[in-house]
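S.K.: Based on what follows, work out the 3D shape:
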Amino acid sequence: MIEPTESNPLKVILADDHEIVRAGIRRLLSIDRRLKIIDEAENGQDLVDTVSYHKPDIVISDIMMPKLNGIDALKKIRELKLDCYVIMLTAYEDSFHLENALEAGADGYLSKDINAKELIEAILDVIKGERVFSKSVVRLVKKKSANSSELDATPVVITKREQEILDLVAKGKTSQYIAEKLFISVRTVESHRYNLMQKLDVSNVAELIRYSILKRTSS
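M.R.: Numbers count the residues shown, from 1 in each chain. Okay, the predicted model is just below:
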């Protein structure tokens, strides 16, 4: 885990096609010297190139940008195999963009109405291995689930091992990482993931993560 300090701050890259928005984020983050903005990008392609060059610790990116949107840029960043966390900071609070971002490997999904304290806390939580979401996004997840057949009365029994794997999947960890972390084979991890998806009647990782969000916020 990264331990940011004033002498060794987290390297941050901002991406948004509006300069005034980037200026606002710069101002919000400037109050914490454990964070250092090292570069900015005004479109998705520039973001990928900038991340490839600087290899930052954190990327804070909008979704709707020219040349390449934030989610497609995120997919390309993940292909670089860098140890880099990516938080989507967007005005789009809908399940379509949320689930696409999670499928692409986003470590967080925050609303642009977030304040400085919340944004800084979210960044520090992400580097601890947590996935972060605005309260409004969590409400969206709850509302969608409440209107679906996922929240029926049938009890679902999840084993301790399955819960461990669910928690790690929700943090964006790969099957290889989970296998090494839990001292089991990749095939065993995949088997548990399959069983979880069957039990919870979900079809992809984004829906598994949505279930994990619901469980965490209702406990």
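S.K.: ok, the residue nearest to V186 when sequence neighbours are not counted to D72 distance?
M.R.: Ranked by Cβ to Cβ, 6 or more residues apart in numbering and with sequence neighbours excluded, the top spatial neighbour of V186 is A179, at 4.6 Å. C-beta here means a position set from N, CA and C on the backbone, and glycine is covered the same way. Note on A179: its distance to D72, by Cβ to Cβ, to the nearest Å, is 29 Å.
S.K.: related to what we said a few turns ago, where does the residue nearest to V186 fall, secondary structure wise?
M.R.: helix 175-182 (DSSP states H and E).
S.K.: Identify each buried residue in that helix, please.
M.R.: 175, 178-179 (16 or more other Cβ atoms under 10 Å).
S.K.: repeat for stretch 162-178
M.R.: Result for stretch 162-178 [16+ other Cβ under 10 Å]: buried residues 162, 164-166, 168-173, 175, 178.
S.K.: what's the most distant pair in the residues you listed?
M.R.: Farthest apart among the buried residues of stretch 162-178 by Cβ to Cβ are E162 and G172. That separation is 17.6 Å.
S.K.: picking up where we left off before, can I get the buried residues of stretch 162-178 in JSON lines including pLDDT?
M.R.: Converted to JSON lines, the buried residues of stretch 162-178 look like this (pLDDT from 0 to 100):
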{"residue": "E162", "pLDDT": "84"}
{"residue": "E164", "pLDDT": "85"}
{"residue": "I165", "pLDDT": "86"}
{"residue": "L166", "pLDDT": "83"}
{"residue": "L168", "pLDDT": "83"}
{"residue": "V169", "pLDDT": "80"}
{"residue": "A170", "pLDDT": "75"}
{"residue": "K171", "pLDDT": "73"}
{"residue": "G172", "pLDDT": "72"}
{"residue": "K173", "pLDDT": "78"}
{"residue": "S175", "pLDDT": "84"}
{"residue": "I178", "pLDDT": "89"}
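S.K.: where's S52 relative to C84, distance?
M.R.: In terms of Cβ to Cβ, S52 sits 10 Å off from C84.
S.K.: quick one, domains of the chain?
M.R.: According to automatic domain parsing, the chain comprises the domains 10-144, 148-218.
S.K.: Compare those domains and give me the one nearest P4.
M.R.: domain 10-144 (3.9 Å).
S.K.: so for the closest one, what's the average pLDDT?
M.R.: Computed over domain 10-144, the mean pLDDT rounds to 89.
S.K.: Likewise for stretch 184-196?
M.R.: 88.
S.K.: where's A23, which helix or strand?
M.R.: Going by DSSP H and E, A23 is in helix 19-29.
S.K.: Which residues belonging to that helix are considered buried?
M.R.: Buried, per 16+ other Cβ under 10 Å, within helix 19-29: 22, 25, 28-29.
S.K.: same check, this time on stretch 84-94
M.R.: 84-90, 92-93.
S.K.: so which of those residues comes closest to M65?
M.R.: T90 (10.3 Å).
S.K.: Isn't that closest one up against H97?
M.R.: Yes - using Cβ atoms under 8 Å, T90 is in contact with H97, at 6.9 Å.
S.K.: List the contacts of the residue most central in space within the chain.
M.R.: Among the residues of the chain, the one closest to the centroid is D107, at 1.7 Å (Cα atoms, centre = their mean). Counting by Cβ atoms under 8 Å, 6 or more residues apart in numbering, D107 touches 85-87, 126, 131-132, 172.
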